[in-house]
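J.: I need the structure of the sequence given here:
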Amino acid sequence: MTLMARDVADIVDDHIRYHLEAGVDFVIATDHRSVDETAEILRRYEREGHLRLLHETGEAYWQTDWVTRMARLAASEHGADWVVNSDVDEFWWPHRDTMREILQEVPSRYGAVRAIWRHFVLRPETPAPFFERLTVRRRPSLDVADPFCANAKVIHRGDPDVRIASGNHDAYGRDLRLLREWVPFELLHFPIRGREQMRRKYQTASRALADVRLVPSHLAAMESRLHADEEAAYRDLLVDDAALRRGLAEEELMIDTRLRDRLRGATRVADRASPSLADEAAFAAEVDAMLSLDSARRLAARVESFEGRLLTLEAARARLRRRRRAPV
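T.: Below you'll find the predicted structure:
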């Protein structure tokens, strides 16, 4: 697994512990200018032989370059069969079976499979760990500027020449054909865990990504909301008990204690219950929403590419006409 980290001491220890227990053999992590206990937590796992730690100290956040570097190191120096490029607020949960069992079943002609984001909402803050407080999941949004939008990320076969897309949403390589329609992993996502973490995440990320001129729409939108009225933005995201009752009644929210139970030690990988019919229906609906947005994004990219080629052709024709009119 590759991992980017910056000031995430509230979650990084649980993140690494969970994935090592779930089947990840080794972690390559890059710490980017952390000033809290994040780097020390990573160094502890490094001393124990579970992790290789890299450091980046510049202000700009060259995420795609750094994750690509880690993914290539995983294949070329650590012999990775599969690589999981993860953010710290994402927990890769096999929808059925185990991580190893799923990856062993992937046909050899495919080099990447998907995980779908399943978002957990902000709840009232207490001193308890994030996984004790954040046990409410919401339906994904179809608005790409929403921090809870429908989206997917990939696990890919180890490849020393891989290129990782922005946000870890795709992996490109000669043998990394994506098995697009099958989504065997859930990505339990905890993007907003408290007021201070929310402020730090969006303001820091927007400044760092602005230096590389690549700010995702959901980050830009949230940073703008925080700048305009942080208290209102926080209240809009907070699901208090009254909002929870309404959301449960409208089936926009649902209780999901799977990660809490796992991190408490109440369940093990081998003891995981199969999804219920209701769980399967909800999962299928969210996969369908993700695939719809994915198709729209791919179509938009093809149109943009076509328009770019058309502009290039028109420019070439204009140059040719000017040459023909020029005096000899």
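J.: which residues of the stretch 1-150 of the chain fall in strands?
T.: Under the criterion DSSP state E, counting those that start in this stretch, strands of the stretch 1-150 of the chain are mapped to 2-5, 27-32, 51-56, 82-87, 90-94, 112-119, 136-138.
J.: want to throw those into JSON lines with mean neighbour count?
T.: For the C-beta atoms, the positions are set from N, CA and C on the backbone; glycine is no exception. Below are these laid out as JSON lines (neighbours: other Cβ atoms under 10 Å):
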{"stretch": "strand 2-5", "mean neighbour count": "24"}
{"stretch": "strand 27-32", "mean neighbour count": "23"}
{"stretch": "strand 51-56", "mean neighbour count": "17"}
{"stretch": "strand 82-87", "mean neighbour count": "25"}
{"stretch": "strand 90-94", "mean neighbour count": "21"}
{"stretch": "strand 112-119", "mean neighbour count": "23"}
{"stretch": "strand 136-138", "mean neighbour count": "19"}
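J.: pLDDT value on the most centrally placed residue in the chain, please?
T.: What sits nearest the mean C-alpha location of the chain, by Cα atoms, centre = their mean, is residue 87, with 5.5 Å. Here the pLDDT value assigned to residue 87 is 96.
J.: just to revisit the earlier point, adding distance to residue 323 as columns, could you present the strands of the stretch 1-150 of the chain in TSV?
T.: Shown next, in TSV, are these (distance: least, Cβ to Cβ, whole Å):
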stretch	distance to residue 323
strand 2-5	50
strand 27-32	50
strand 51-56	49
strand 82-87	48
strand 90-94	55
strand 112-119	46
strand 136-138	60
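J.: out of the ones you listed, nearest to residue 275?
T.: Of all the strands of the stretch 1-150 of the chain, it is strand 90-94 that lies closest to residue 275, at 10.7 Å by Cβ to Cβ.
J.: list the buried ones in stretch 149-169?
T.: By 16 or more other Cβ atoms under 10 Å, the buried positions in stretch 149-169 come out as 149-159, 162-164, 167-169.
J.: same deal with stretch 132-143?
T.: Of the residues in stretch 132-143, 133, 134, 135, 136, 137, 138, 139, 140, 141 count as buried by neighbour count, 16+ other Cβ under 10 Å.
J.: what mean pLDDT does it have?
T.: Average pLDDT, stretch 132-143: 95.
J.: what about that stretch, start to end distance?
T.: End-to-end distance for stretch 132-143: 28 Å, by Cα to Cα, to the nearest Å.
J.: Distance from the chain centre to it, please.
T.: Offset of stretch 132-143 from its chain centre (Cα atoms, centre = their mean, to the nearest Å): 14 Å.
J.: Can you tell me what sits against that stretch?
T.: Defining contact as Cβ atoms under 8 Å, 6 or more residues apart in numbering, one finds that stretch 132-143 is touched by 117-126, 148-151, 190, 193, 239, 244, 247, 252-257, 260, 285-286, 289-290, 292-293.
J.: Return a selection command, for use in PyMOL, containing the buried ones of the residues you listed.
T.: Remark: buried members of the contacts of stretch 132-143, expressed as a PyMOL selection using 16+ other Cβ under 10 Å:
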select buried, resi 117+118+119+120+121+122+123+148+149+150+151+190+193+239+244+247+253+254+256+260+286+289+290+293
